[in-house]
Every structure is written in C-alpha cells, then in structure tokens.
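Undergrad: Provide a 3D model corresponding to the input given below.
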Amino acid sequence: MANMTPAGAGVDIMETRYTDAELGAMTAPVSPAGHHAASFAEYLYWAQRKRAEEDIDTSVVASQGWGRLIQSARDRKRNSETDLPAIDEKSPPNEKAPSNEAVSIEVDEYSGMSEHDRELLTARRVLRQAGWATVFYLITCDILGPFNAPFSIASIGMAPGICLYVLFGGVAFISGVMIHRIWLRLDSVRYPISLYGDMCERTVGSWLKYISSFLQCIQLTINVGLICLTNGQSLSQIIAGPNQTGHLCFSVTVLIWALCGMVIGMIRGLGNFSILANASVWLNLLIIFISIGFAARSLPNYAAAMASSGLMPGPVQVSATIPGQPLFVQINGVFNMVFAYGGAMIFPEIMAEMRRPRDFVKGMAMAQLLIVTVYLMYGITLYALEGQFVQAQSYTGLSPYSGQTICNVIGIITGTIAAGLYGNIGLKVIYRLIVETLFKGPGLMTPRGRIVWSCVVLVYWSVAFVLASAIPSVGALTGLLAAMGFFHFTYTFPPLMMLGLDLQIDAALEDEPFQTPGVAPRQVDTWRQLSRWKRGIFAGGRKRLYWKIANFFFLLASLATAGMGLWATGTDLKEALAHGAATSLGCAPPV
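TA: Got it, this is the predicted structure:
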C-alpha cells in the first residue's frame with residue numbers, strides 16, 4: 001500500500017518558516033492595483049516571463065534532502081535582511097549576482113503592485129529552492145510501499161501483470177509530462193500554481209476545480225480509512241498470537257487507530273512530520289526484505305487466505321496467463337496497480353518549490369523507473385512464492401508468527417505516520433473547501449478556526465472509522481480508492497487539462513495581445529460562438545490538431561476505464577462482504 005509521504009508533504013519547508021495564514025497569502029495570486037481578476041492571456045504572459053528568468057539562472061542547485069532544505073529555510077529566516085534568493089555556496093562568484101535581464105524581469109513583474117504584494121513576491125522567490133533530486137525523493141516517498149503488488153499480479157496472472165504494470169507506468173509518465181507542460185505554461189511567481197485544482201481552473205474552468213477538490217477530499221478520507229483498516233488488521237493478528245487464541249473485536253482494533261488519528265489530527269502544522277516521513281521509507285523497505293525472507297522459508301498463511309478469500313489449503317499455483325477469476329476480480333487487481341502511480345496529485349506542489357522546474361521531468365522519470373522496478377520485483381517474487389494465497393496486504397500472508405509480527409509492528413509505525421500526514425492534508429483540503437469557501441467560516445489559524453478545526457477532525461476520523469469498519473477488505477477498498485481518486489488525477493484530468501489549454505491558446509490567436517497587468521485583452525468572440533470553437537480546434541495547424549484528437553481519445557479511454565473500475569470494485573466489495581470472514585462493523589477479523 002502506498003502509505004508514504006502524502007500529497008502536500010512538500011509544504012514542510014514553508015510551514016517551518018511561515019504560519020498557515022502567511023502561506024495562504026503566498027500561494028494566492030497577487031492582483032495589481034484595481035484587483036481585477038487575471039485573464040488567461042495574463043497567466044501565459046507572466047509564466048513566459050518567469051520561465052525566461054529561470055532559463056538565464058545558471059546557479060548550482062544543491063541536491064539535498066528535505067531535512068537540509070528545512071534547515072536552510074530556518075537559516076534564511078535568521079538572515080532575512082537580504083531579499084535575494086539563496087544560492088549554493090559552490091556557485092562561481094559571477095553567478096551569484098542576477099544579470100541585468102533578470103533584474104528587468106523582476107522590476108517588470110512588480111508592475112501595479114502594492115508594497116505588501118511585492119513582499120509576498122519576494123518571499124515566494126525565496127521558497128523556490130528545490131532541485132530535481134528532491135523531486136525524485138518526494139515522488140518516491142509518496143508512492144513507494146508495494147505491499148499490494150503481489151495481490152495485483154495474482155489477480156490477473158504473471159505475464160499480464162508485468163505488462164500492465166509497465167503500461168500503466170508508461171502512461172503515468174506521459175500524464176506527468178502533460179502536467180509539467182501545463183504548469184510551465186501557466187505558473188508564475190505573480191500567479192502561482194501550488195495545487196492541482198489551480199491547473200484545473202485555469203485550463204478548463206472552476207467547475208473542474210470543484211470536482212477535483214471533491215475527489216481529493218474523498219480520496220484522502222478513504223486513504224485514511226484504509227490505513228486504519230490495515231493497522232487494525234495488523235493489530236488483530238498480533239493479538240491473536242501464534243496459536244490464534246487471542247481475540248479482540250476487529251472493529252475495536254480499527255477504532256483504536258481512529259482515536260489515535262483524532263489526537264494526531266489536532267496538530268495543524270506539518271513541519272514536525274518531515275523526519276518521520278523520511279524514516280518510514282526505510283522502514284517500508286525493511287518490511288519488503290523481511291517478508292520475502294520469511295515467505296521463501298515457510299508455507300503461505302492458509303488461515304488468512306481462508307478468512308479473506310475462502311481459499312482451502314492446497315499446493316501453490318502460479319499462473320503465467322490470466323487465471324480463471326471473475327472479470328470484476330481481475331479489474332479490481334488492475335486498479336490495485338493504479339495505486340502505484342497515484343502521486344500525480346502532488347506534482348504541482350513539488351514544482352512550485354523548484355528553482356528550475358524544467359528539471360522536474362528528470363526527477364519524475366527516475367522516480368517512476370524505480371517505482372516500476374521495486375513494485376515488479378516484489379510482486380513477482382512474493383507471487384511466485386505464495387501463489388494464489390497472497391494477501392492484499394502482503395506481509396499479513398506470512399505464516400510464521402515471528403515474521404508476521406515483525407512486519408505488522410513496523411507496518412503499524414509507518415501506517416500511523418502516514419495516517420497523521422494524510423489526515424492533516426485531507427483535513428486542510430476539506431477545511432478550506434467547505435468551511436472557508438462554501439460556508440465562509442473563520443480562517444484556519446484564527447482562535448475560532450482552531451475550534452472549528454477540532455470539530456472537523458472528530459467528524460473526519462469518525463467517517464474514516466466507519467469506512468474502514470464497514471468495508472473490512474483491504475484489496476477491495478484499495479481498488480475503490482484508486483478508481484475514485486488516484487486514477488482520475490493521473491490518467492483522466494491531464495489529457496482534459498491539456499486539451500483545454502491547447503484550445504484556449506489557439507482560440508486566442510486573433511485576440512488582442514496582453515499589454516497591461518489586470519486588463520484582459522479584447523476578444524473577437526466568445527466560447528458561446530462557434531467561430532471560437534472552430535479556431536480553437538483547427539487554428540494551430542495539423543500537428544496540433546492531431547495532438548488534440550489524441551488527447552480527446554485519451555480522455556475517453558480514461559473515463560471508460562474509470563467506469564469499469566467503479567463497477568468492478570463495487571462488485572468486489574459486495575463479494576468480499578458476502579463471502580469473507582469479516583462483516584460490516586463486526587468483530588471477526590478479515591485475516
């Protein structure tokens with residue numbers, strides 16, 4: 001299960017230096033005098049200026065972990081008398097001073113802004129310090145945790161499993177490149193893109209931003225519920241003991257972790273989690289090696305297989321092709337694979353902290369390659385050892401109690417860290433979307449906001465507990481999470497946003513060019529007229545037309561796949577509840 005650093009973990013640097021209220025101002029667009037809303041042409045203009053500034057920046061970006069970045073942020077706070085961005089000490093002397101061209105860009109970027117807004121722009125520049133190695137680290141942290149890979153391969157067979165893991169990885173890389181291109185065309189220090197929803201709004205419209213934010217809320221809530229479920233499952237196995245004589249009601253074991261989440265959720269900042277997130281990566285790798293070692297020297301856990309899937313003890317069977325499983329089981333296994341590539345939601349947040357965001361693809365490519373390799377190696381190895389008896393949370397399928405307990409204890413530690421992180425991010429998304437935006441409630445860092453936050457924490461973790469206890473099947477819940485959340489952020493939204501961006505760019509070819517900040521150029525027509533649609537589709541030339549058609553069919557294929565995923569995961573949930581040992585809100589453990 002992908003239970004590493006959550007979406008939004010890149011905020012740690014900023015939260016070490018600023019309060020949430022200050023960060024909210026820094027990540028919001030800055031309007032010039034008159035406070036006019038920015039037009040699409042203005043987004044493109046300032047993004048082009050920012051990319052030009054980055055292209056002439058030849059300073060060395062130190063490849064460092066988040067711990068050193070946090071320390072450097074603290075150092076900048078103590079030495080805040082300078083407004084220039086921090087440069088690596090190894091940079092040549094002639095690279096430490098910005099060129100005349102860079103200075104002219106900065107001056108132009110301040111046009112029509114108040115003194116307060118200028119200070120915010122300066123602060124934003126200082127925050128953009130991460131290099132491509134940090135991208136590799138963050139994406140790997142967010143996704144690495146391949147404990148459902150053997151279950152995915154067992155659902156569809158060895159050869160199809162390997163092919164689909166590689167295929168999904170390749171398409172996820174293409175989607176990542178799309179997100180990168182969109183971000184480069186629309187992000188600037190003046191109008192920053194720090195959230196996935198910002199790209200949705202600027203390319204397609206505010207309605208897509210609301211949909212993506214809603215799906216993000218659902219995804220993070222289900223993910224926290226999934227962590228409560230896996231932790232409860234691990235605790236239940238530990239209590240059962242080597243002879244399966246111990247017993248504690250399974251719903252109570254899930255409730256314990258929900259209550260822990262309520263306590264952890266009262267913390268509104270993320271800065272204190274950075275070291276723990278680092279440690280959880282190595283702990284998960286430790287689980288991988290320990291579980292393979294024990295699985296190679298012992299029989300599968302037949303009792304767990306009987307409880308979760310109704311499988312009788314027998315010889316291990318490994319299928320090279322698609323096994324004789326129902327279609328919905330195979331598709332659910334495929335969507336368990338999608339979980340491996342669910343980090344696209346945090347890509348804008350990572351790029352927002354990079355000094356040279358054009359290098360993002362380099363870090364992303366290396367991270368995706370590592371993820372595919374680790375998931376496949378672990379999935380193939382454990383499936384070859386345990387066959388049809390593998391569990392959705394792989395280490396719960398170990399038969400020796402000692403190995404099972406070691407992995408369960410380590411898994412509980414990493415799961416608790418992940419629950420705190422995912423819960424914090426999910427709560428902030430829900431708070432800003434529902435409390436602040438929908439109900440016009442108090443700000444997060446105000447005294448009244450603290451009271452409302454505490455109430456939201458209790459409701460959020462209560463919902464997570466109900467989800468985990470009502471759906472006591474890790475494989476089914478993982479597939480549902482992928483179908484409702486991860487899949488759309490990685491495979492559905494990128495081609496839709498790319499199509500929207502290209503249509504707007506080509507449709508604006510006959511409009512007035514952008515000239516004055518805050519003043520929208522005059523358009524020759526609107527989207528209510530057929531002429532603008534025709535120009536948006538055909539005006540860019542034959543190559544761009546083919547690219548738009550390809551993105552359109554990519555979008556249709558993604559929507560069709562997501563629909564099949566929802567059907568399959570829903571059916572699998574029904575079957576898991578009907579034939580599994582565990583029942584909704586019951587006491588029998590699922591393994």
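
Undergrad: so which strand or helix has the closest residue to residue 488 other than its chain neighbours?
TA: Among residues not flanking residue 488 along the chain, residue 215 sits closest, at 5.9 Å (Cβ to Cβ, 6 or more residues apart in numbering). Yep, even glycine has a C-beta here, placed from its N, CA and C like the rest. Residue 215 belongs to helix 206-240 when assigned by DSSP states H and E.

Undergrad: buried sites along that helix?
TA: 208-213, 215-217, 219-238, 240 (16 or more other Cβ atoms under 10 Å).

Undergrad: contacts made by the helix or strand just after it with the rest, please.
TA: On the C-terminal side of helix 206-240, the nearest following helix or strand under DSSP H and E is helix 250-265. Here helix 250-265 makes contact (Cβ atoms under 8 Å, 6 or more residues apart in numbering) with 224, 227-229, 231-233, 235-236, 239, 415-416, 419-420, 423-424, 427, 457-458, 460-462, 464-465, 468-469, 472, 582, 585-590.

Undergrad: can you name the next helix or strand after helix 250-265?
TA: Heading C-terminal from helix 250-265 (DSSP H and E), you reach helix 274-296.

Undergrad: average pLDDT for that following helix, rounded please.
TA: For helix 274-296, mean pLDDT is 82.

Undergrad: from the contacts of helix 250-265, which land in helices?
TA: Mapping the contacts of helix 250-265 onto helices (DSSP state H) picks out 224, 227-229, 231-233, 235-236, 239, 415-416, 419-420, 423-424, 427, 457-458, 460-462, 464-465, 468-469.

Undergrad: what about stretch 186-204, distance to the chain center?
TA: Centroid separation between stretch 186-204 and its chain, computed with Cα atoms, centre = their mean, to the nearest Å, is 17 Å.

Undergrad: just the buried members of the contacts of helix 250-265?
TA: 224, 227-229, 231-233, 235-236, 415-416, 419-420, 423-424, 427, 457, 460-461, 464-465, 468-469, 472, 582, 586, 589-590.

Undergrad: between the helix holding residue 215 and helix 250-265, how many degrees?
TA: Interaxial angle of helix 206-240 relative to helix 250-265 (axes from the mean of the first three to the mean of the last three Cα atoms, to 10 degrees): 120 degrees.

Undergrad: helix 206-240 - contacts with which helices or strands?
TA: Contacts defined by 3 or more Cβ pairs under 8 Å, 6 or more residues apart in numbering; DSSP states H and E place helix 206-240 against helix 196-203, helix 250-265, helix 401-430, helix 447-470, helix 474-481, helix 493-507.

Undergrad: please name the nearest non-neighbouring residue to residue 357.
TA: Spatial nearest neighbour of residue 357, excluding adjacent residues (Cβ to Cβ, 6+ apart): residue 351 at 4.5 Å.

Undergrad: most residues in a single helix of this structure, which one?
TA: helix 542-579.

Undergrad: so how far is residue 381 from the nearest residue to residue 390 once chain neighbours are set aside?
TA: Closest residue to residue 390 apart from its sequence neighbours, by Cβ to Cβ, 6+ apart: residue 150 at 4.2 Å. Distance, residue 150 to residue 381, by Cβ to Cβ, to the nearest Å: 8 Å.

Undergrad: more crowded one of these two?
TA: residue 150 (30 against 17; other Cβ atoms under 10 Å).

Undergrad: which SS state does the more buried one fall under?
TA: helix (DSSP: H, G, I helix; E, B strand; the rest coil).

Undergrad: now swap in the one 5 residues further on and tell me
TA: Following three-state DSSP, residue 155 is assigned to helix.

Undergrad: which residue packs closest to it, ignoring adjacent ones?
TA: residue 333 (2.4 Å).

Undergrad: now tell me what touches the one helix or strand the one you found maps to from outside.
TA: Under the criterion of DSSP H and E, residue 333 resides in helix 327-338. By Cβ under 8 Å, 6+ apart, the residues outside helix 327-338 that reach it are 148-149, 151-156, 161, 164-165, 168, 322, 392, 475-476, 478-479, 482-483, 486-487, 490-491, 564-565, 567-569, 571-572, 575.

Undergrad: before we move on, the earlier item: so the residue nearest to residue 488 sits against residue 484, correct?
TA: Yes - when contacts are counted by Cβ atoms under 8 Å, residue 215 is listed as touching residue 484 (6.7 Å).

Undergrad: what sits against the residue nearest to residue 390?
TA: Contacts of residue 150 (Cβ under 8 Å, 6+ apart): 378-379, 382-383, 386, 390, 394.

Undergrad: how far away is it from residue 289?
TA: 15 Å.

Undergrad: residue 489 now?
TA: Distance from residue 489 to residue 289, by Cβ to Cβ: 31 Å.

Undergrad: and the two? which has more neighbours close in?
TA: It is residue 489, of residue 489 and residue 289, that has more neighbours when counted by other Cβ under 10 Å, with 24 against 10.

Undergrad: thinking again about what came up before, give me the pLDDT for the residue nearest to residue 155.
TA: Looking at residue 333, its pLDDT stands at 87.

Undergrad: burial measure for it, as a count.
TA: Neighbour number of residue 333 under other Cβ under 10 Å is 27.

Undergrad: try residue 533
TA: Neighbours around residue 533, by other Cβ under 10 Å: 14.

Undergrad: could you do the one 4 residues further on as well?
TA: Using other Cβ under 10 Å as the criterion, residue 537 is surrounded by 18 other residues.

Undergrad: quick one: low-confidence ranges for this protein?
TA: 1-37, 60-127, 129, 141-144, 268-278, 579-586, 590-591 (pLDDT under 70).

Undergrad: residue 442 and residue 455 touch, don't they?
TA: No - in this structure, residue 442 is not within contact of residue 455 by Cβ under 8 Å, at 11.8 Å.

Undergrad: of the two, who's got more company?
TA: residue 442 (17 against 10).

Undergrad: distance of the residue nearest to residue 488 from residue 562?
TA: Counting by Cβ to Cβ - residue 215 and residue 562 are separated by 11 Å.

Undergrad: what touches both of these two?
TA: With Cβ under 8 Å, 6+ apart as the test, residue 215 and residue 562 both reach residue 488.

Undergrad: can you give me the buried ones in the helix holding residue 333?
TA: Quick answer for helix 327-338 (16+ other Cβ under 10 Å): 328-338.

Undergrad: also stretch 46-56?
TA: 46-47, 49-51, 53-54.

Undergrad: of those, closest to residue 447?
TA: Residue 447 has its nearest neighbour among the buried residues of stretch 46-56 in residue 46, at 36.3 Å by Cβ to Cβ.

Undergrad: now do the phi/psi pair for that closest one.
TA: phi -70, psi -30 (degrees, to the nearest 10).

Undergrad: what do you get for residue 354?
TA: phi -90, psi 140.

Undergrad: ok, it - how many residues close by?
TA: There are 22 residues near residue 354, going by other Cβ under 10 Å.

Undergrad: what's opposite it in the beta bridge?
TA: residue 130 (DSSP bridges).

Undergrad: could you check how far it is from residue 363?
TA: Applying Cβ to Cβ, the value for residue 354 to residue 363 is 9 Å.

Undergrad: what sits in contact with each of the two?
TA: The contact sets of residue 354 and residue 363 overlap at 132, 134-135 (Cβ under 8 Å, 6+ apart).
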